[in-house]
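Asker: generate coordinates for the sequence data below:
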Amino acid sequence: MERLIKKDDDLTISLPISIGTEKNRRGRYVIAGICFLLIFAIPYVYEMNMSYLADESSILQTVLRSIKELGYFERSLISGMMLLIAALCGIENRKIKLQFNTITLYLWVMMNITFIVSGLFHDIQEGFLFSQIVIFITIPLFYIGWMQSGKTRELYTIMSFSVVLLTLITTIICMIWFPTGELYLTYLTDKGTWMNKAVSTITNDFRYMGTTFNPSRVAHFTTPGAICSMYLIYVWKGWRKILPAITLGFSISLAFMAVSRAAVISILLAGIGFAVIIFKKKKNWKSIIAVIVIISVSASSCYYVISRGEDKLNVFSNSIIASKVYASEPKEEEDEVEEKLSVIGERFQISGTLNKITSGRIVIWLTFLEKLNISGHDYRYYYPLRVKDTESNNYFFFSYPHNVVLDYAYRCGIFTGVLFLLLELLLLLFCLRTLFSRGNNIGDGAVFTIVGGLAFFVTSNVESVDHVFTRIILVVFYMALIPLFAPKQN
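Answerer: Numbers count the residues shown, from 1 in each chain. Purely as a prediction, here's the structure:
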């Protein structure tokens with residue numbers, strides 16, 4: 001049994017045995033790294049285009065298909081257990097001080113309690129309730145086990161290396177086997193007959209999809225890849241900076257090739273915060289210039305290798321591309337515009353109504369806002385929501401909220417959404433205060449929190465980032481909250 005000790009006004013838990021020691025520290029770090037690798041690898045496989053997994057005679061494709069066909073609960077169970085093991089790997093001392101920031105702790109407990117209670121009374125989607133219970137327990141455990149023992153840098157380094165390694169592997173796979181354009185697949189079916197199939201890696205509006213079925217899914221991986229690459233560039237010394245610099249270039253390149261405004265702006269804002277940190281810490285400028293050169297070379301190389309030396313996505317050329325609007329306000333007659341824009345230029349142009357600029361998200365958000373209530377909605381009957389597209393014959397279609405706060409508020413009730421929003425604002429306040437404070441004493445953990453928090457603030461407000469263990473950026477957000485649990489004096 002655990003004993004609670006009251007000493008010097010600090011509540012301390014005394015464990016009956018020591019989970020970890022200094023002697024087995026390296027082994028525990030390896031275990032934690034493997035756990036993070038599995039947690040982040042599952043979403044990569046889950047988002048794969050099933051057309052690429054048609055060869056049932058291939059053992060590798062059979063394994064990938066089996067992982068992809070796991071249900072939400074199975075993925076949550078596997079990833080949740082891995083996250084719990086990673087958290088426990090940081091505990092070394094038998095006596096653990098329970099010192100928390102009161103504001104963060106209260107917000108954390110209330111948000112998760114309302115989330116969990118809502119999930120007990122109606123279906124918020126398979127695996128959601130279990131995932132949130134795991135997150136509720138493990139994030140404070142990461143703070144107690146890793147941060148309180150002074151191992152925050154090691155934690156974020158292990159986690160970031162896992163993401164960077166996956167970014168490197170998937171980008172190389174895209175370079176070799178998934179160039180832009182049509183892929184012609186030949187595979188053997190279960191009936192013993194050979195089949196041919198053509199699959200495109202780009203959409204009709206020239207957005208790169210890579211191994212996925214949607215360019216937005218590519219963007220979901222590029223932002224965490226960029227965040228973790230920035231962190232490793234900051235903490236690693238000398239030649240070891242080369243690897244994260246290369247993967248940062250890859251992430252930037254893929255974000256532009258997917259023509260994802262959310263990913264590009266998220267990476268840009270995180271990059272600005274990272275640049276402020278570098279300026280305040282007065283790092284070695286020669287090293288920084290070398291890193292910038294490597295990033296530039298890797299980004300351009302990634303684009304031209306995947307495009308096979310051609311400008312197939314019209315990044316450096318002009319073409320007229322129609323903007324895809326998911327839901328829009330009544331169409332107004334406008335004069336025809338003869339100006340020609342590149343694909344990226346067209347996606348980032350600021351013209352027309354705010355709803356058009358946001359690809360119909362204003363109408364989607366308003367539709368979800370009208371349906372919010374105290375208790376939330378049963379996922380089986382009310383999600384996704386029918387949205388009216390008044391631009392194209394007034395038809396209705398089903399849409400996700402494209403906003404994390406709205407998503408949680410719609411599933412679990414207004415209180416859950418508001419409390420999650422307060423957590424986001426608390427994280428944003430931490431980032432801004434740390435960046436613009438007079439001192440330059442920024443801890444390694446704060447660096448990850450800043451770049452991760454700034455990127456998530458953009459992504460969470462314009463994308464559907466809902467299930468914890470299918471969206472890496474949401475795991476990054478929860479992990480970025482860890483330093484906020486520390487008392488103010490620490």
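Asker: give me the distance between residue 265 and residue 181.
Answerer: Per C-beta to C-beta, to the nearest Å, residue 265 is found 27 Å from residue 181. Backbone N, C-alpha and C define where each C-beta goes, glycine included.
Asker: pick out whichever of those two has more residues nearby.
Answerer: residue 265 (17 against 13; other C-beta atoms under 10 Å).
Asker: from residue 476, how far off is the more buried one?
Answerer: From residue 265 to residue 476 the distance is 16 Å (C-beta to C-beta).
Asker: now residue 152, nearest residue through space, not along the chain?
Answerer: residue 445 (3.7 Å; C-beta to C-beta, 6 or more residues apart in numbering).
Asker: any weak-confidence spans in the stretch 101-250 of the chain?
Answerer: When residues are selected by pLDDT under 70, those of the stretch 101-250 of the chain lie in 184-197.
Asker: just the strands in it please.
Answerer: 182-188, 194-200 (DSSP state E, counting those that start in this stretch).
Asker: can you tell me which helix in the chain is longest?
Answerer: Counting by DSSP state H, the longest helix found in the chain is helix 152-177.
Asker: pull out the buried positions in it.
Answerer: Applying a neighbour-count criterion of 16 or more other C-beta atoms under 10 Å, one finds 152-168, 170-171, 174-175 buried in helix 152-177.
Asker: repeat that for stretch 209-226.
Answerer: 209-212, 215-226.
Asker: closest one of the residues you listed to residue 307?
Answerer: residue 210 (12.4 Å; C-beta to C-beta).
Asker: so that closest one touches residue 201, yeah?
Answerer: Yes - in this structure, residue 210 is within contact of residue 201 by C-beta atoms under 8 Å, at 6.5 Å.
Asker: please identify every residue contacting each of these two.
Answerer: By C-beta atoms under 8 Å, 6 or more residues apart in numbering, residue 210 and residue 201 have these common neighbours: residue 178.
Asker: residue 232 and residue 271: what is the separation?
Answerer: 14 Å.
Asker: who's more crowded, those two?
Answerer: The residue with more neighbours, out of residue 232 and residue 271, is residue 232; 22 against 19, by other C-beta under 10 Å.
Asker: once you drop chain neighbours, what's closest to the more buried one?
Answerer: Closest to residue 232 by C-beta to C-beta, 6+ apart is residue 244, at 3.7 Å.
Asker: got a list of what that neighbour touches?
Answerer: By C-beta under 8 Å, 6+ apart, the contact list for residue 244 reads 160, 164, 228, 229, 230, 231, 232, 233, 236.
Asker: adding distance to residue 142, write the residues you listed out as JSON lines.
Answerer: Output for these, formatted as JSON lines (distance: C-beta to C-beta, whole Å):
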{"residue": "160", "distance to residue 142": "14"}
{"residue": "164", "distance to residue 142": "19"}
{"residue": "228", "distance to residue 142": "16"}
{"residue": "229", "distance to residue 142": "21"}
{"residue": "230", "distance to residue 142": "20"}
{"residue": "231", "distance to residue 142": "16"}
{"residue": "232", "distance to residue 142": "19"}
{"residue": "233", "distance to residue 142": "23"}
{"residue": "236", "distance to residue 142": "21"}
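Asker: taking those one by one, which sit in helices?
Answerer: 160, 164, 228, 229, 230, 231, 232, 233.
Asker: could the residues you listed be laid out in CSV, adding distance to residue 133?
Answerer: Converted to CSV, the ones in helices among the contacts of residue 244 look like this (distance: C-beta to C-beta, whole Å):
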residue, distance to residue 133
160, 26
164, 29
228, 26
229, 31
230, 31
231, 28
232, 31
233, 35
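Asker: of these, closest to residue 251?
Answerer: Checking the ones in helices among the contacts of residue 244 one by one against residue 251 (C-beta to C-beta), the nearest turns out to be residue 229, at 6.3 Å.
Asker: remind me which residues of the stretch 351-490 of the chain are low pLDDT?
Answerer: 351-352, 389-395, 397, 466, 488-490.
Asker: re the thing from before, name the helices or strands packed onto the longest helix of the chain?
Answerer: Secondary-structure packing of helix 152-177 (3 or more C-beta pairs under 8 Å, 6 or more residues apart in numbering; DSSP states H and E): helix 25-46, helix 215-235, helix 242-257, helix 285-306, helix 444-462, helix 472-480.
Asker: circling back: was I right to think the residue nearest to residue 152 contacts residue 482?
Answerer: Yes - with contact defined as C-beta under 8 Å, residue 445 counts as touching residue 482 (6.9 Å).
Asker: between the two, which contacts overlap?
Answerer: 147, 152, 155.
Asker: dump those to TSV, plus distance to residue 64.
Answerer: Formatted as TSV, the shared contacts of residue 445 and residue 482 follow (distance: C-beta to C-beta, whole Å):
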residue	distance to residue 64
147	36
152	34
155	29
